[in-house]
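*Asks:* what's the 3D shape of this:
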Amino acid sequence: MARVVDQANPIHVRGLKKSYGSACAVQDVDLDVYSGEVFALLGPNGAGKTTTVEILEGVRRRTGGDVRVLGRDPAEDSPEWRARLGIVPQSTGAYADLTVREVVEHFAAFYPAPLPVTQAIGMVGLGKQENKQAQSLSGGQLRRLDVAVGIVGDPDLIFLDEPTTGLDPAARLEAWDLVRYFAERGKTTVLTTHYLDEVEALAQRAAVIVAGKVVEVGPVAELGGRLDTPAMLGFTRVGGLVGRALPQLPADALVDPPDDEVVTLHTHNPTQALAAILPWAAEAGVHELPGLRIQRPTLEDVYLTLIRENQGVTP
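*Replies:* Okay, the predicted model is just below:
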């Protein structure tokens, strides 16, 4: 059942605009982020993602439109409202001569009901570094400290801007676990990232912003019509398959122009197609199909297509 879209959602945006003189950075953006979900905001550099997020965070004023975040207008920027937000900005913080623990303790003091400092430090994998000076940390460790600062207030709504930039693969997975931890606790997360594998692993829905406009929003698995796009099935002809007529395939199957070496077909029913091809190959004495592959459109495929199709759009 589809969720009810209304102003009770943690984020409700209608007709958002942001202009700088005659230049329009964001135009007519509509967004709804549902309670408890991880929502990804995607788009090329300069598309308007950061401007949109900063308006939602209350650090940048909008030119027009209606915006409600946790039921309030971010422009009001009340202390009680801000205490419910967790923000991990894109740039690494500068923490002078403080230790890791001192940094997190400092920010925890701003919140009415923060997480225990030791817990927050441990959640980002900095337990062994808690007494080290922040300025002596590696770039990846500083990024973890940024995340600890962003989540120590135990927020209801978390903004993560490129949270895993600079992290090694193991640390990235730990950061993903942290996002899942908050999702399991019913928290809502807005994630901006250029790592599309991160989006597929974490987000339920996503919006793609190009040239200041939302060009598509919906479940990650359905963006760009992924579910409606045929899968590609291919293999290499060998032995008795060379020149052999293909078996009867699903009615919707489209076969690329005949090739003595490679067979490529497109169908919404790849499992049925493969079920017909395997016994056909076995009858010819071929029990392993070289180069066998079934590919569905990836998130990267549809994302790049959306960017290409909308790059000429000017707000």
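
*Asks:* what's the first-to-last distance across stretch 83-99?
*Replies:* From its first residue to its last, stretch 83-99 covers 23 Å (C-alpha to C-alpha, to the nearest Å).

*Asks:* quick one, what contacts residue 16?
*Replies:* 26, 28-31, 52, 55, 62, 64-67 (C-beta atoms under 8 Å, 6 or more residues apart in numbering). The way it works is simple: take the backbone N, C-alpha and C, and place the C-beta from them, glycine included.

*Asks:* Let me know whether my guess that it is in a strand holds.
*Replies:* Yes - under DSSP: H, G, I helix; E, B strand; the rest coil, residue 16 sits within a strand.

*Asks:* distance of it from residue 138?
*Replies:* Using C-beta to C-beta, to the nearest Å, we find residue 16 at a distance of 38 Å from residue 138.

*Asks:* Next, the buried residues of the helix or strand where residue 214 lies.
*Replies:* Residue 214 is part of strand 213-219, with elements assigned from DSSP states H and E. By neighbour count with 16 or more other C-beta atoms under 10 Å, strand 213-219 contains the buried residues 213-217.

*Asks:* Please spell out which residues along stretch 281-299 are buried.
*Replies:* So for stretch 281-299, counting by 16+ other C-beta under 10 Å, buried means 281, 286, 289, 297, 299.

*Asks:* What about these, which are in helices?
*Replies:* 281, 299 (DSSP state H).

*Asks:* Taking the buried residues of stretch 281-299, tell me the two that lie furthest apart.
*Replies:* Farthest-apart pair in these is 286 and 299; separation 33.7 Å (C-beta to C-beta).

*Asks:* all strands for the stretch 151-300 of the chain, in order.
*Replies:* 157-161, 188-192, 205-210, 213-219, 231-236, 254-255, 262-267, 293-295 (DSSP state E, counting those that start in this stretch).

*Asks:* Rounded mean pLDDT for the shortest one, please.
*Replies:* So the one you mean is strand 254-255. Per-residue pLDDT over strand 254-255 has a mean of 93.

*Asks:* Dump the buried residues of stretch 281-299 into a markdown table; add pLDDT as well.
*Replies:* Shown next, in a markdown table, are those (pLDDT from 0 to 100):
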| residue | pLDDT |
| --- | --- |
| 281 | 96 |
| 286 | 94 |
| 289 | 94 |
| 297 | 83 |
| 299 | 88 |
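
*Asks:* Nearest to residue 113 among the buried residues of stretch 281-299?
*Replies:* residue 299 (36.8 Å).

*Asks:* CSV for the contacts of residue 16, including distance to residue 235, neighbour count and secondary structure?
*Replies:* What follows is the contacts of residue 16, written out as CSV (distance: C-beta to C-beta, whole Å; neighbours: other C-beta atoms under 10 Å; DSSP: H, G, I helix; E, B strand; the rest coil):
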residue, distance to residue 235, neighbour count, secondary structure
26, 47, 27, strand
28, 47, 15, strand
29, 45, 25, strand
30, 45, 16, strand
31, 43, 20, strand
52, 45, 28, helix
55, 51, 25, helix
62, 54, 23, coil
64, 55, 13, strand
65, 52, 17, strand
66, 54, 13, strand
67, 52, 22, strand
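
*Asks:* Would you map the strands across the stretch 1-150 of the chain?
*Replies:* Under DSSP E, counting those that start in this stretch, the stretch 1-150 of the chain gives strands at 11-20, 23-33, 38-42, 64-69, 85-88.

*Asks:* Would you mind finding the most buried of those?
*Replies:* strand 38-42 (a mean of 25; mean count of other C-beta atoms under 10 Å).

*Asks:* Reformat the buried residues of stretch 281-299 as TSV; add distance to residue 112.
*Replies:* TSV is the format used below for the buried residues of stretch 281-299 (distance: C-beta to C-beta, whole Å):
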residue	distance to residue 112
281	67
286	69
289	62
297	46
299	39
